[in-house]
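K.L.:
What shape does this take:
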Amino acid sequence: HLSLMCLGSLRGSGVTSTFRLQTQQLQRALSEYVDQEATQQVAENESADDVVSRVKISFPYWAIPTVIGMRGENINKITSDSETFIQISKFKEYFPGYKDQVILIEGENENVVEAVHKIVDLVRNMELPENFEFVDRAKRRQNGVRLIIPRTLSGTFIGNGGEVQRQIREQFSLDMFNIQKRETLPEDFNESSIYISGEE
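P.N.:
Numbering: from 1, shown residues only. From the prediction side, this is the model:
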């Protein structure tokens, strides 16, 4: 499928599976990406032992304390249980265009899937204070994930007149599949992002 070919071309981009973002279609789309990524890396390295998934996702700064937990309890448990390497950008080291901190996850495919699953669940289930600023917007943001991709592939996901972008959104019944606008990125920055959320 055209959309899966595009997803499969994102090696180390920040896409993984079983996010549980309200839709089974989204889960299927992302899990098929992981399988395709692994196949590509095995073909290139000629050894399954060399295959490491490298995923980058980002969440707003206000969600990161929940991901980390008291004295690092949450992130340490996820790292230990999933046997992955996880690194979170420092406070105020935001991804350009957003007040998001980036989470890098590395490990075997299944382990990365497990780690991302747990992180997304933590963010989705966190309780926002009643006096939280922009609470409605924050609640919507809890049901999505921003994937960090190589900037050179942004056009691949848009297609001629936005055709590829529409195909992916329709094929997987996504609520949102938005590629970051180039004017929000520094000229020499080599990454971009895609925001994905599913319908409830």
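
K.L.:
okay, CA-based contacts and neighbour counts for the rest of this
P.N.:
Will do.

K.L.:
Pull up the gap between the residue of the chain positioned farthest from its centre and residue 193, please.
P.N.:
Computed with Cα atoms, centre = their mean, the maximum C-alpha offset from the centroid of the chain is found at residue 131, amounting to 28.1 Å. As judged by Cα to Cα, to the nearest Å, residue 131 and residue 193 stand 30 Å apart.

K.L.:
which residues of this structure score low on pLDDT?
P.N.:
1-51, 198-200 (pLDDT under 70).

K.L.:
show me where it has strands.
P.N.:
Using DSSP state E, the strands of the chain run over 53-60, 85-88, 100-107, 144-150, 174-179, 191-198.

K.L.:
Quick check: end-to-end length of stretch 55-71?
P.N.:
Rule used - Cα to Cα; the end-to-end distance of stretch 55-71 is 24 Å.

K.L.:
ok, residues contacting it?
P.N.:
Contacting residues not belonging to stretch 55-71 are listed as 12-16, 74-76, 91-92, 95, 98-106, 112, 119, 122-123, 126, 145-149 [Cα atoms under 8 Å, 6 or more residues apart in numbering].

K.L.:
Weed out the non-buried ones from those residues.
P.N.:
By neighbour count, with 16 or more other Cα atoms under 10 Å, the contacts of stretch 55-71 hold 12-16, 74-76, 95, 99-106, 112, 119, 122-123, 145-149 as buried.

K.L.:
Which parts of the protein are helices?
P.N.:
Ranges of helices in the chain, per DSSP state H, are 2-8, 24-45, 64-68, 73-82, 109-125, 135-142, 154-158, 163-171.

K.L.:
okay but residue 112 is in contact with residue 103, surely?
P.N.:
No - applying Cα atoms under 8 Å as the test, residue 112 and residue 103 come out as separate, 11.8 Å apart.

K.L.:
if we can go back for a sec, for the residue farthest from the centre of the chain, phi and psi?
P.N.:
phi -90, psi 10 (degrees, to the nearest 10).
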